[in-house]
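In: Have a look; sequence and predicted model below, questions after that.
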Amino acid sequence: MFTEKLALQLANLKQQGLYRSHQVIDSPQGIQLLIQGRQIMNFCSNDYLGLANDPQIIQALQQGSNTYGVGSGSAHLICGHSRAHYLLEQELAEFTGRERALLFSTGYMANLGIISALIGKNDFIFEDKLNHASLLDGALLSTATFKRYRHLNIEQLIVQLNQNQGEKLIVTDGVFSMDGDFAPLPDLVKIARDYSAILMVDDAHGFGVLGENGGGISEYYQLNAEQLPILMGTLGKAVGTFGAFVAGSELLIETLIQKSRSYIYTTAFPAAIAEATRCSLRLIKQQSWRRLRLQSLIDYFRNCARQLELPVMNSISAIQPILIGDNFHALKISQQLLELGFLVTAIRPPTVPKNQARLRITLSALHSESQIEQLLTAIHHCYHQLFKEIR
Ligand SMILES: *Cc1c(COP(=O)(O)O)cnc(C)c1O
């Protein structure tokens with residue numbers, strides 16, 4: 001019975017164009033990936049600054065493993081919290097201009113652990129409908145009353161805030177992961193103040209990339225700890241390593257250390273990763289050329305895509321989705337692109353809303369203008385062929 005049920009579920013997913021599968025990668029992360037013996041141009045990584053395979057960071061990782069070995073041995077609160085973790089937390093606090101920072105093993109776990117530690121049964125949580133799955137799951141785990149407002153819709157959020165009295169947490173992605181647009185943080189800061197709500201931002205796609213020093217969306221909008229008291233960021237995207245953190249007040253961090261179950265009950269990530277991350281943070285601050293280069297490639301991409309009349313979305317970030325709509329159409333274009341030598345994944349529900357399947361193109365500081373042109377020419381070709389076929 002059980003196996004039949006699983007088989008039926010999988011068959012249904014296939015039938016709807018929702019089946020997911022891996023690509024096996026035989027090379028380091030980068031602009032070129034080796035897949036099944038072929039060099040493929042990569043346009044779907046979150047390694048926005050091209051740091052995931054940086055020689056200096058690799059060296060820091062190697063030195064870190066010489067000093068600390070491989071495994072961390074236990075959770076942070078037992079014996080897994082090395083000097084490298086300790087220093088990385090201090091450097092993250094300083095970088096974000098917050099009193100303290102706390103490391104989590106992944107961003108997914110950080111979001112579950114932060115939200116569920118801070119609010120509970122009699123409280124209220126408000127989230128943008130397009131927030132990352134981990135923020136939605138954190139709200140469900142918290143058992144607080146959970147309200148979702150339409151994407152970027154401040155008016156609806158205000159209505160919801162007026163209808164619900166009690167402890168309130170407003171949570172949003174800073175840069176939306178599948179759309180690439182920004183949350184209206186200055187407005188949200190004001191609303192949080194007016195309604196005595198606490199504001200939490202997930203800066204997974206802004207940290208390292210936005211702001212003059214790469215401090216992320218909070219630096220971009222110049223928001224201090226009072227305005228934005230809970231700032232979460234990840235280390236596996238622009239930072240190029242692994243893990244996540246939350247930055248905020250002493251009181252916030254101490255509370256999370258005592259109460260956050262996904263912090264307490266999991267193994268610390270390896271100390272060598274912490275050393276690699278410390279190196280990456282130094283490069284992020286020093287090498288502003290990576291951010292400038294990325295921004296100029298984003299502008300270039302958008303200009304070219306507009307000239308080709310491709311349906312780009314309203315994004316000024318490194319995430320540049322092209323909306324397709326139908327799951328099978330998105331899958332088909334993605335497969336054709338792979339045949340032509342480009343890796344662009346088709347993002348489908350439930351990651352995005354129904355009928356909004358898309359090609360999620362991401363740019364890196366290491367791409368070239370010519371590579372972007374080649375990609376867009378290929379997409380243009382596939383796009384028009386598809387719509388000729390279905391017409
Ligand atoms: C990737 C991502 C996460 C999860 O971070 P991991 O470290 O990959 O677990 C959380 N929030 C957002 C918005 C993300 O894009």
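Out: Nice, thanks for sending it over. Numbering: from 1, shown residues only.
In: list the contacts for H76?
Out: Listed by Cβ atoms under 8 Å, 6 or more residues apart in numbering, the contact partners of H76 are 85, 103, 263, 268. Bear in mind the C-beta positions are built from the backbone N, C-alpha and C, glycine included.
In: Make a markdown table out of these and add distance to the ligand and neighbour count.
Out: What follows is the contacts of H76, written out as a markdown table (distance: Cβ to the nearest ligand atom, whole Å; neighbours: other Cβ atoms under 10 Å):
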| residue | distance to the ligand | neighbour count |
| --- | --- | --- |
| H85 | 16 | 25 |
| L103 | 11 | 23 |
| Y263 | 14 | 25 |
| A268 | 14 | 25 |
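In: Spell out which parts of the stretch 201-350 of the chain neighbour the ligand.
Out: Contact residues (Cβ under 6 Å from any ligand atom) of the stretch 201-350 of the chain with the ligand: 202, 204-205, 234, 236, 244.
In: which one among the residues you listed gets closest to the ligand?
Out: A204 (3.4 Å; Cβ to the nearest ligand atom).
In: Let me know the secondary structure of the closest one.
Out: Of the three states, A204 takes coil under DSSP: H, G, I helix; E, B strand; the rest coil.
In: For D181, give me its contacts.
Out: 152, 175, 313-317.
In: Filter these down to the buried ones, ChimeraX style.
Out: Buried members of the contacts of D181, defined by 16 or more other Cβ atoms under 10 Å, are picked up in ChimeraX with:
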select :152,175,313,315,317
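In: Name whatever forms a beta bridge with the closest residue to the ligand within the stretch 251-391 of the chain.
Out: Closest approach between the stretch 251-391 of the chain and the ligand, counting by Cβ to the nearest ligand atom: I319, at 9.4 Å. Beta bridges link I319 to T362, judged by DSSP bridges.
In: Hmm, D173 and it touching each other?
Out: No. Using Cβ atoms under 8 Å as the test, I319 is too far from D173 to be in contact (10.8 Å).
In: now the residue most central in space within the chain, nearest residue through space, not along the chain?
Out: Centroid-nearest residue in the chain: A204, 3.8 Å away (criterion: Cα atoms, centre = their mean). Excluding the flanking residues, the one nearest A204 by Cβ to Cβ, 6 or more residues apart in numbering is T234, at 4.3 Å.
In: How much space separates the closest residue to the ligand within the stretch 1-150 of the chain from D137?
Out: In the stretch 1-150 of the chain, the residue that lies nearest the ligand is G107 (2.2 Å; Cβ to the nearest ligand atom). Distance, G107 to D137, by Cβ to Cβ, to the nearest Å: 12 Å.
In: What of I78?
Out: Using Cβ to Cβ, one gets 26 Å for the distance from I78 to D137.
In: Looking at those two, which is more packed in?
Out: Remark: of I78 and D137, D137 carries more neighbours, 15 against 12, as counted by other Cβ atoms under 10 Å.
In: what's the closest non-adjacent residue to the more buried one?
Out: Using Cβ to Cβ, 6+ apart, the closest residue to D137 is L112 (6.0 Å).
In: Can you classify that neighbour by secondary structure?
Out: When classified by three-state DSSP, L112 comes out as helix.
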